[in-house]
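*Asks:* Give me the fold of what follows.
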Amino acid sequence: MADSPETLLSRIGWRGTIPAAPADHPEYRIARVIAQHRAGYELHDGVHAFNAQPAPRFLKPGIDPTERPAVGDFVLVGNHKPPNIEQILPRRSTLARAAAGERHLRQLIATNIDTVMVVSGLDGDFNPSRIDRYLMLVEGSGAEAVVVLTKADTTEDTEAAVEEMRKRVPKGNEIIAVNAKSADSVARLLKYFGPGTSTVLVGSSGVGKSTLTNTLLGESRQATNTVRETDSRGRHTTTYRALIQLPSGGCLIDTPGMREIKLTGEESLDGNQFGDIEDLAQDCRFGDCSHLSEPGCAVRAALEDGRLDNARWHNYLKLRDELAAATDSLEAQLRRKSEARVLTKALGRRLDEKYGRH
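*Replies:* Residues are numbered from 1 along each chain as shown. Here you go, the predicted model:
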């Protein structure tokens, strides 16, 4: 008996019933973006992988990058040769960061994901503050964050590292230390890779994302590399985002290492990641407390008695200032776009009045 369309698509992470094709294009079919290259996209329909091109409207200059297909998207595909991506289906979750440069543009990392595994190595490049930054990006994505500490075989006190992270990571987010080369160790992660699930790995180069992917696959498919002995930094071995089907039935998106993790301006500090600090600030005697030297400051009291980690507090201040700047940049860009649309419409009306509508 042949598998149903829902069963076939569930192999690549589809959830629920399949929507009907548009009445004017009954030949359209659903596929998922599993990779993006300079020459186009690679899609999978649950049976076969194939190459496709975006419809011309996705290539228009000035289009918001988030409106273009991204790895993880479910799309409607036409029957051209090569096939065209005609429409992006609604996304259930979106993980993004601000693109490099001064202009505020969101760069999609992955879409339609259930879990984001923030991967960090327990070696010389271990950086809890960087994990804080990743968790802020994940919080508004619609996906669940899990902190995975790799290279547990390189340290004698794994539990101490986990306890240190527990002070910074919200209680609802799991922290798991593994040896990414060991299938037995990695088995603790399999509950996140069940049939129909989608998980993305994020982290710096050299933390072991590709090694972890190969162990989950049971074969060496992703290229790996060594890290520098001086600072434990790695070179990029994964050069593009790719969605991979796992033997467990889940889908895994491996991503290139990220050296810069910029906030988009749409994040919040009063969510789970820093909610405890925001709650402390509410208990300060003065509503405009700067948390420096005012009497009755609940934040200073928590720092002094150890309830609030000093390093985490300083990282909170840094992210707060960066978020404020990113928000200002976002608002300014939206205002410029709105003004440009008004000017364009006004110019169009004047031309119509002078030359008539054609």
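
*Asks:* what residue ranges in the protein score low on pLDDT?
*Replies:* Where the chain drops to pLDDT under 70, the residues are 1-2, 100-104, 220-239, 259, 329-358.

*Asks:* any idea where the helices of it begin and end?
*Replies:* Here the chain has its helices, by DSSP state H, at 5-10, 128-139, 158-166, 183-186, 209-217, 275-282, 298-305, 310-355.

*Asks:* Buried deepest among these, which one?
*Replies:* helix 209-217 (a mean of 23; mean count of other C-beta atoms under 10 Å). (C-beta placed from N, C-alpha, C; glycine too.)

*Asks:* Point out the other helices and strands that that helix packs with.
*Replies:* With contacts taken as 3 or more C-beta pairs under 8 Å, 6 or more residues apart in numbering; DSSP states H and E, helix 209-217 sits against strand 144-150, helix 183-186, strand 198-202, strand 251-254.

*Asks:* of the ones you listed, which approaches residue 305 most closely?
*Replies:* Minimum separation from residue 305 across the helices and strands packed on helix 209-217 (C-beta to C-beta) falls at strand 144-150, 25.9 Å.

*Asks:* Can you point out the buried residues in the closest one?
*Replies:* Neighbour-count burial for strand 144-150 flags 144-150 (criterion: 16 or more other C-beta atoms under 10 Å).

*Asks:* ok, so of those, who is nearest residue 312?
*Replies:* When the buried residues of strand 144-150 are ranked by distance to residue 312 (C-beta to C-beta), residue 147 comes first, at 14.1 Å.

*Asks:* so what's that closest one up against?
*Replies:* 117-118, 120, 131, 135, 165, 169, 173-176 (C-beta atoms under 8 Å, 6 or more residues apart in numbering).

*Asks:* Adding distance to residue 52, write those out as TSV.
*Replies:* Listed next are the contacts of residue 147 as TSV, based on distance: C-beta to C-beta, whole Å:
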residue	distance to residue 52
117	28
118	31
120	35
131	36
135	34
165	41
169	39
173	36
174	36
175	39
176	36
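
*Asks:* Return the closest of these with respect to residue 268.
*Replies:* Nearest to residue 268 among the contacts of residue 147, with distances taken as C-beta to C-beta, is residue 135, at 12.0 Å.
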